[in-house]
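K.L.:
Here's my sequence, what's the structure:
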Amino acid sequence: MIDWLRFFEDSIAVIHDQLAAILGASGCREGWLQGELFRAGHQYHLRVNEYSLGYRQKTDLSCSAKPAMIAEIKIVGADYSPKMEQAIEADVKRLRQVNAADTERYMILIIPKCNEKNKLGYYLDTCSFSSTCFERDFPAFRLRIWRL
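P.N.:
Next up is the predicted model:
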């Protein structure tokens, strides 16, 4: 059985330099990361944008193999729009509402390094969605992963 938290941690560590290079590419950075995780997890039957959460909503990542898993990815920096706080909270809420007792749920947050100190930056540094949280600093970003 795969340890999904370790999988996300290790897979992102392997590509952290490439991820750092695309952090400024708005509109495609999360899709790029989804693709890289898809490639890393193909032997586990990892899927991208397939698990339905209802009308026109799908999780970023999913896997039906044991242990079943769904995950959302957000790449958000302190200098992004303040509405991103609500987007993160909405993703977590959607993941928690999934009615599948044996499905693991993960929120993956990539926080690009930024000198700006504001309300969103404080939120990104202090938000907590569960007691199971992995955190790691890379030169260009901070990685936070919660098992919900």
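K.L.:
For the rest of this, base every contact and every neighbour count on C-alpha atoms.
P.N.:
OK.
K.L.:
what is the mean pLDDT for stretch 65-82?
P.N.:
Mean pLDDT, stretch 65-82: 90.
K.L.:
what distance separates the start and the end of it?
P.N.:
Here the two ends of stretch 65-82 are set 36 Å apart, with distance taken as C-alpha to C-alpha, to the nearest Å.
K.L.:
residues making contact with that stretch?
P.N.:
Taking contacts as C-alpha atoms under 8 Å, 6 or more residues apart in numbering, the residues outside stretch 65-82 that touch it are 1-2, 4, 23, 29-30, 44-45, 51, 59-63, 84, 88, 91-92, 95, 102-114, 116-122, 124.
K.L.:
Which among the residues you listed count as buried?
P.N.:
Neighbour-count burial (16 or more other C-alpha atoms under 10 Å) is assigned, among the contacts of stretch 65-82, to 4, 23, 29-30, 51, 59-63, 84, 88, 91-92, 95, 103-113, 120-121, 124.
K.L.:
does the residue nearest to residue 8 when sequence neighbours are not counted count as helix, strand or coil?
P.N.:
Nearest-residue entry for residue 8: residue 37, 7.7 Å, with adjacent residues in sequence omitted and distances by C-alpha to C-alpha, 6 or more residues apart in numbering. When classified by DSSP: H, G, I helix; E, B strand; the rest coil, residue 37 comes out as helix.
K.L.:
Assess the claim that residue 37 and residue 9 are in contact.
P.N.:
No - contact criterion C-alpha atoms under 8 Å: residue 37 and residue 9 do not qualify, at 10.6 Å.
K.L.:
all helices of the chain, in order?
P.N.:
4-14, 16-22, 29-40, 84-97, 119-126 (DSSP state H).
K.L.:
rewinding a little: next, the contact list for the residue nearest to residue 8, please.
P.N.:
8, 11, 12.
K.L.:
pLDDT wise, what is the last one at?
P.N.:
We note a pLDDT of 98 for residue 12 in this prediction.
K.L.:
how deep is residue 34 tucked in, by neighbour count?
P.N.:
19 (other C-alpha atoms under 10 Å).
K.L.:
State the distance from it to residue 122.
P.N.:
Distance, residue 34 to residue 122, by C-alpha to C-alpha: 26 Å.
K.L.:
Quick check: buried residues in stretch 7-17?
P.N.:
Buried residues in stretch 7-17 (16+ other C-alpha under 10 Å): 8, 9, 12, 16.
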